[in-house]
Every structure is written in C-alpha cells, then in structure tokens.
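Engineer: Structure, please.
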Amino acid sequence: MTATIEFQGVDFAYQPETPVLQQVSFQIPAGQTVALVGANGSGKSTIAKLMTGLLTADQGHIFLDQEEVTATTSSKLRQRIGLVFQNPDDQIVGATVAENTAFGLENRNVPRSVMQQRVRTALDQVGMWEYRDREPGLLSGGQKQRVALASALAVTPEVLILDEATSMLDPQAKSELNQIVKRLQQQTGLTIVLITHDLEMLGIAEQVVALDNHQVAFTGTPAVLFQQDQLLTQLQLELPFSLQVQRDFAAAGVPVPDHDLNEKELIQWLTKLL
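Structural biologist: Next comes the predicted model:
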C-alpha cells in the first residue's frame, strides 16, 4: 500500500515572531517520489516533522490519504511512515545490523517469525544481509545509512521520508543509496519524500516542491526547475555537476543532447565526443 500526503494552508512557527511556514500547500501523490528542496532553514525538516505528527501545525490541515494528522491521530498515522535521517548514527541502536533492523518491529510487538522474515527482506533490499551479524559501529558511513534505510523498510511503511539522507555520504555512497531508493520505488511503489538541498538527488524524483521565504516557491518536474536560473540562485541551490558541464559545453558552441544528462549519461556522451 502507498499513501497520498496533502498540506492545505499550513502555518508553523517555533516562535510566534519568526514564522517557518506560511500558507504552505502541496500534494504528494501516492506512489510517487517527490523532492522537497530549499536553502538551509527553509522549513524542509519542519515539514517532515509535521507529516509524522512530531509537530502540530499552527494553522491549516495535513492529510495522510483522507485522514487528518492531528494530536489524536498522529501516533496511529506515524506507524505508516518510515524515516531515514541525515546522520545514520542517530538510528543505530542495536548491537548487530540485524538487531538494529529489528528494533522498530520489537517496539510494535511483531511476532518473532514475522520479524525475522521482515529483517531478511529489508536487508536484502539494501544489499546488507551479508553484514547482518556485524557491529554497526564498524561499518562505513554509506553502509550505516543503508542499515538505517533497512530499519525504516522493515516496518513496511506506506510512505518513506529521507531527510538529507545523503548529505554526510561520499559521492560513491550517495550514488549507491540513490540507486537503491530508485529501485525500491520501482519495485514497491512506495510514496517517497526526499528532503534535500542537493539537486543531485533530483535524478530519482518525479516532482519537486521548492520552499523559499516560508512558502512554496515552485512545484513541477526537476527538468523545469533546472531551467529556472534565477530561482535556483534565490534558493541557494546549485545545478548538478553533470548539468553544469553540459551547459558549459553548450555555451562554448559544442552541440549537446537536447535532454538533461545524469552523470552516467554525461560520461558516455563525453566518451563518444572525445
């Protein structure tokens, strides 16, 4: 199962005189991968906390499918959401990879036979089953983040939220995690929310919601956003490296493909060109 998320005219402030969100409205369709982007402090992580009921909107409405997220429903609705945070160490609580993956299931009193199967499935999905008996502290940053992802998947969520999940990873680990997330969406149809200021992540997103000045400044596809130079500057966002290289070649008069290239496609194109 997957779920639709909808914000309707949401306001939120940690302090009354400093609003974080003002009249924020958007919809994330069930089964889609949608990126929330914006500068640091634009309210992206606040939106994640509002989605999960960890914070309550000052005004407006938030829905998971047709059910509103409120103080009385948030605990139940939170069971339908998996979260992966920026720092994987924040989600490492078990002595082994398998124990860490099972932690959320134990809290939900899932029968042991079901728990074992879900742990196996989740670790297989992220390519970490062979590390099941390893101590998480001995893993690389990328491996830790995959374990954190497995822990979120083990509870079989309808919505998966990745909050700056690649920001602490090196380029290879980031690429590997992106491919895992892309494969998960294709195989499971999960509703996936990518909260990021890294536009490299948009290669796996179908839609983008951009935040600026406490409000939604843009909704649309990544390709359309990449054409909004003034908006990108305003949002303090940089084009993905592959697109910047492609534009530099075009500016130098070199004929380039008429679609945006990802890193792999750029390498293939340059190899043929040279």
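Engineer: Show me the strands in the stretch 151-274 of the chain, by range?
Structural biologist: 159-163, 191-196, 207-212, 215-220 (DSSP state E, counting those that start in this stretch).
Engineer: Between those, which one is closest to Gln227.
Structural biologist: Comparison of those against Gln227 by CB to CB identifies strand 215-220 as nearest, at 9.8 Å. Every C-beta, even on glycine, is put in place using the N, C-alpha and C of the backbone.
Engineer: Report the contact partners of Lys174.
Structural biologist: Applying CB atoms under 8 Å, 6 or more residues apart in numbering to Lys174 gives the contacts 142, 166, 198, 200.
Engineer: scratch that, Val193
Structural biologist: 5, 28, 34-36, 48, 51, 159-162.
Engineer: mind checking pLDDT for it?
Structural biologist: Looking at Val193, its pLDDT reads 96.
Engineer: what's the answer for Ala3, then?
Structural biologist: pLDDT recorded at Ala3 is 83.
Engineer: How far does the longest helix that the chain contains sit from its chain's centre?
Structural biologist: The helix that spans the most residues within the chain, counting by DSSP state H, is helix 171-188. The chain centre lies 11 Å from the centre of helix 171-188; the measure is CA atoms, centre = their mean, to the nearest Å.
Engineer: now swap in stretch 168-179 and tell me
Structural biologist: Stretch 168-179 has its average C-alpha position 13 Å from the chain's average C-alpha position, going by CA atoms, centre = their mean.
Engineer: For that stretch, list every residue counted as buried.
Structural biologist: Residues of stretch 168-179 classed as buried under the neighbour-count rule (16 or more other CB atoms under 10 Å) are 168-169, 173-178.
Engineer: how about Thr250, what does it touch?
Structural biologist: Just so we're on the same page, residue 250 is Ala rather than Thr. Val256.
Engineer: for Arg247, same thing?
Structural biologist: For Arg247, the set of contacting residues under the criterion of CB under 8 Å, 6+ apart consists of Leu239.
Engineer: rerun at 10 Å
Structural biologist: 226, 229, 239, 256, 260 (CB atoms under 10 Å, 6 or more residues apart in numbering).
Engineer: got it, and Asn109?
Structural biologist: Residues near Asn109 by CB under 10 Å, 6+ apart: Met115.
Engineer: now do 8 Å
Structural biologist: The neighbours of Asn109, taking CB under 8 Å, 6+ apart as the test, come to nothing; the list is empty.
Engineer: ok so it is a strand residue?
Structural biologist: No. Assessed with DSSP: H, G, I helix; E, B strand; the rest coil, Asn109 is coil; it does not lie in a strand.
Engineer: Let's have the strands of the stretch 151-274 of the chain in TSV, adding distance to Pro136.
Structural biologist: As requested, those are exported to TSV (distance: least, CB to CB, whole Å):
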stretch	distance to Pro136
strand 159-163	19
strand 191-196	23
strand 207-212	33
strand 215-220	37
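Engineer: one step back: most neighbours among the contacts of Lys174, which one?
Structural biologist: For the contacts of Lys174, counting by other CB atoms under 10 Å, the largest number of neighbours falls to Thr166: 24 neighbours.
Engineer: Could I get the phi/psi values of it?
Structural biologist: The phi and psi values for Thr166, taken as degrees, to the nearest 10, are phi -110, psi 0.
Engineer: With adjacent residues omitted, what lies nearest to it?
Structural biologist: If the residues on either side of it in the chain are set aside, Thr166 comes closest to Lys174, at 4.3 Å by CB to CB, 6 or more residues apart in numbering.
Engineer: same question, Ala205
Structural biologist: Excluding the flanking residues, the one nearest Ala205 by CB to CB, 6+ apart is Ala35, at 4.0 Å.
Engineer: Do I have it right that that neighbour meets Asp198?
Structural biologist: No. Because the distance of 9.5 Å does not satisfy CB atoms under 8 Å, Ala35 is recorded as not touching Asp198.
Engineer: just to revisit the earlier point, using PDB, list the CA coordinates for the longest helix of the chain.
Structural biologist: Listed in PDB are the C-alpha atoms of helix 171-188, where the atom choice follows Å, rounded to 0.1, in the frame of the first residue of the first chain:
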ATOM      1  CA  PRO A 171      29.900  10.600  -3.900                       C
ATOM      2  CA  GLN A 172      30.100   6.800  -4.300                       C
ATOM      3  CA  ALA A 173      28.000   6.000  -1.300                       C
ATOM      4  CA  LYS A 174      25.500   8.700  -2.300                       C
ATOM      5  CA  SER A 175      25.200   7.200  -5.800                       C
ATOM      6  CA  GLU A 176      24.700   3.700  -4.300                       C
ATOM      7  CA  LEU A 177      21.900   4.900  -2.000                       C
ATOM      8  CA  ASN A 178      20.200   6.800  -4.700                       C
ATOM      9  CA  GLN A 179      20.100   3.700  -6.900                       C
ATOM     10  CA  ILE A 180      18.700   1.600  -4.000                       C
ATOM     11  CA  VAL A 181      15.900   4.200  -3.400                       C
ATOM     12  CA  LYS A 182      15.100   4.300  -7.100                       C
ATOM     13  CA  ARG A 183      14.900   0.600  -7.300                       C
ATOM     14  CA  LEU A 184      12.700   0.400  -4.200                       C
ATOM     15  CA  GLN A 185      10.200   2.900  -5.700                       C
ATOM     16  CA  GLN A 186      10.100   0.900  -8.900                       C
ATOM     17  CA  GLN A 187       9.700  -2.500  -7.100                       C
ATOM     18  CA  THR A 188       7.400  -1.500  -4.200                       C
END
